[in-house]
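Participant: What follows is a predicted structure for the sequence shown.
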Number of protein chains: 2
Amino acid sequence: MRVALLNTGTELLLGDVQNTHLAFIAGEILPLGLRIDEQRTVPDGAAIREALAELFSRTEIVFVTGGLGPTTDDITREVAAELLGLKLEQNAELLTWLQHRHKTRGFKWTARIARQANVPTGAQILPNENGSASGLYFRANINAQSSSPHLFLLPGPPRELQPMFRKSVMSILRPMVKDPTALDRRIYKIACLGESIIEEAIGEKVLAIEGIELGYCARLGEVDVRIIGEADGIRRADAIIRDDLGLSIFSTTDETLEEVLVRLLAERKKTIAVAESCTGGLLAHRLTNVPGASEVFVAGYVAYANAVKIDMLKVDRKLIETHGAVSEPVARVMAEGARQCARSTYALATTGVAGPGGGSPDKPVGTAYVALASPDEDPIARKLLFPTDRETFKQLTAQAAFELLRRKLIQ
Amino acid sequence: MRVALLNTGTELLLGDVQNTHLAFIAGEILPLGLRIDEQRTVPDGAAIREALAELFSRTEIVFVTGGLGPTTDDITREVAAELLGLKLEQNAELLTWLQHRHKTRGFKWTARIARQANVPTGAQILPNENGSASGLYFRANINAQSSSPHLFLLPGPPRELQPMFRKSVMSILRPMVKDPTALDRRIYKIACLGESIIEEAIGEKVLAIEGIELGYCARLGEVDVRIIGEADGIRRADAIIRDDLGLSIFSTTDETLEEVLVRLLAERKKTIAVAESCTGGLLAHRLTNVPGASEVFVAGYVAYANAVKIDMLKVDRKLIETHGAVSEPVARVMAEGARQCARSTYALATTGVAGPGGGSPDKPVGTAYVALASPDEDPIARKLLFPTDRETFKQLTAQAAFELLRRKLIQ
């Protein structure tokens, strides 16, 4: 069944408000084997009618958000009913509920509010837990030969739409969909490997499997590989992906890299400290975003100035003078210094040239070293080059540091 | 001129990635008197062609995002060229640039990447500062009678699209639009005040000015007040806003709060250190995102475990035993401890209950203290309550700490 999402509201097109409905509804309906085939945003007014008419000709399910309020902007109810040749009738129960709701909240009643009690003939009312605009579900005959799509009118504000969707809309959708669990979906998250490299490894083989859709989503220092299809093809694709990408996969759920690290450390009853120069606190910030971080994260040393590297982490001044603060020896000593000071099992260190200034022919902007200190071996280090803007450089370096630790933990 | 935005990418329809393009582009084009009349999201594949064909019949400017990468998913270039009857030719300069880019970054070259050097006949190439996919601008004749809309193909990732839009796209758009400076636009950024409070202070007065559009955009711990209109009304609105909100305004450009702090500190030749518990490195991370931070930022102490507060910052164990780690006395001592250890002019400290666990009736989840140590007075502290999720709590606490320092610096 083809599904469309129509979001109405001029505030969405002015960029005042972020549109979260697409992500939310997409997530809710996927377990039913349904996907949103098209999403549109239109302003308040006549554009709603035009968009609805267009979508009717090619979808079976249409979700419309917004335009159910009491103001003159709010015409979704009227437009949809008119398009389907349905009359709007005032629902007595709904009117009473509205009046009561306004009274208990001390809101002033205006005649216009009564429009929210208008219901197209035969429509099902979807209760709103968090606002005054009830949702509506209906369908009708467009003409003698065909019936309209299933039409769901939903309130604009997410905190009103979301409970309504989960309770009322899902219970209407479920019987409509045959084999609701027909489609399976897998995700494989990989750090520090480029999209093209991954595609080269698995692309052709996975695409050769019939009925399997393959997609990539790249973020800074990470790529998600996504497959969707029926159980049999998914099993085969899964085998190929695990076989070719193996240990590079850090998660097959929506866990972030830092969540994986905190979990691995907690499972092993190990602790971590970080000594950061060029990443400036990002490693610590990401780790402490994870609930339960206090079980494994001991301390972060953001040793931005060289004097602080010497003071805080006991880095030998002569080492900095000989090799420079951005060097492998200094990275290693920072890591071991943090490990000792914090008395943690492991420690990560970063040092680099974040830019835009500070580069040299030897060590251009984007040069970074990440190091890992462990109880069972000398500190190891990696040299990296990310000649990009400051914030991207920090994220990529953080990813590399985290990946260094993850590989150690899963050995 | 009618404008449409077509966002392509199955990951957008699956809800994997949030679509920020609408808000960004809407904000950029508004000073030109242009507004987005319709926005659509379609999956990778055939749907792009269908959507483009539909939009062509009713808009003059179409922005298309996504589908310019090197993988088999990426077909925007091909589809758009085909729709306009244009040939794709490999651009030698672009190919050389791509090869060089991959080489300097140590990326492996695959034959497929060369597709990103294909350019429709007559198209203008829009350089990408942050990625390999160049943007394209072109128009052509759809048929003997009419020419196509102005078509802009832009990369999907926001950090690639945004600089390209600001530099290349805007310089192409400006001559296309008559009276481009008819509208003036101002922005006022305010930290740590709620939208309703601000609306109550200035809303009615500003809306009373004819021809002035007033909008609010709320983020975590910040509100932007935006006004758009002709010069005369803008002047009057500006006077009202500055009069009522005064020192609460931390910027009237797109400077972040941390950029303002780094600038204020640098101007005064002062330095800062931070001692973080519940914010876990976020203060340091945000400050070090700012180019030039090394002039003013000395060190960050992420004293997550209590033992570390004692070791790193010389907090008296008895103080923690008496008042608890999350308390005003401990916050103040952390701040002064960091100031002394780092030998900085100022220091900020945070301590709190980030949740979801760790709360008590006395100090529920969301309790936080921020403190500021200065050379000319005893450390001052503020108590806060942000009973929300962990990441939101960290950002709100960071904002409060930054605002505490800003108010001190502008005294």
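Facilitator: All right, it came through fine.
Participant: Nearest to chain B: which residue in the stretch 301-411 of chain A?
Facilitator: Per Cβ to the nearest Cβ, residue A:302 is where the stretch 301-411 of chain A lies closest to chain B, at 3.0 Å. Every residue, glycine included, has its C-beta placed from N, CA and C.
Participant: residue contacts, residue A:237?
Facilitator: A:186, A:206, A:209, A:212, A:214, A:227, A:229 (Cβ atoms under 8 Å, 6 or more residues apart in numbering or on different chains).
Participant: ok, it to residue A:209 distance?
Facilitator: Residue A:237 sits 5 Å away from residue A:209, taking Cβ to Cβ, to the nearest Å as the criterion.
Participant: One more: residue A:203?
Facilitator: Per Cβ to Cβ, residue A:203 is found 12 Å from residue A:209.
Participant: follow-up on the earlier one: can you read off the backbone torsions of the residue of the stretch 301-411 of chain A closest to chain B?
Facilitator: phi -100, psi 90 (degrees, to the nearest 10).
Participant: Give the closest residue to it in space, chain neighbours not counted.
Facilitator: Leaving aside its chain neighbours, residue A:302 sits nearest to residue B:300 (3.0 Å; criterion: Cβ to Cβ, 6 or more residues apart in numbering or on different chains).
Participant: which strand residues sit across from that neighbour in the sheet?
Facilitator: Beta-bridge partners recorded for residue B:300 (DSSP bridges): residue A:302, residue B:274.
Participant: my read: it touches residue B:286, true?
Facilitator: No: using Cβ atoms under 8 Å, residue B:300 makes no contact with residue B:286, being 10.5 Å away.
Participant: And these two? Which one has more around it.
Facilitator: Between residue B:300 and residue B:286, residue B:300 has the larger neighbour count (other Cβ atoms under 10 Å in any protein chain shown), namely 35 against 26.
Participant: follow-up on the earlier one: contacting residues around the residue nearest to residue A:302?
Facilitator: Going by Cβ under 8 Å, 6+ apart, residue B:300 touches A:276, A:280-281, A:284, A:300-302, A:304, B:273-276, B:281, B:283-284.
Participant: which one of the residues you listed is nearest residue A:340?
Facilitator: residue A:301 (11.2 Å; Cβ to Cβ).
Participant: Might you report the residue contacts of the closest one?
Facilitator: A:273-276, A:312-313, A:337-338, A:341-342, B:299-302, B:312.
Participant: ok, of the residues you listed, which one's closest to residue B:158?
Facilitator: Nearest to residue B:158 among those: residue A:276, at 25.7 Å, using Cβ to Cβ.
Participant: Tally up the residues packed near that closest one, please.
Facilitator: Neighbours of residue A:276 under the rule other Cβ under 10 Å: 32.
Participant: isn't residue A:223 right up against residue A:190?
Facilitator: Yes: counting by Cβ under 8 Å, residue A:223 does reach residue A:190; the two are 5.1 Å apart.
Participant: okay, and the common contacts of those two?
Facilitator: Joint contacts of residue A:223 and residue A:190 (Cβ under 8 Å, 6+ apart) are residue A:198.
Participant: tell me which residues form a beta bridge with the nearest residue to residue A:64 once chain neighbours are set aside?
Facilitator: Among residues not flanking residue A:64 along the chain, residue A:6 sits closest, at 4.7 Å (Cβ to Cβ, 6+ apart). Beta-bridge partners recorded for residue A:6 (DSSP bridges): residue A:40, residue A:64.
Participant: Just confirm residue A:6 contacts residue A:48, I think it does.
Facilitator: Yes: at 7.5 Å, residue A:6 and residue A:48 qualify as touching, with contact defined as Cβ under 8 Å.
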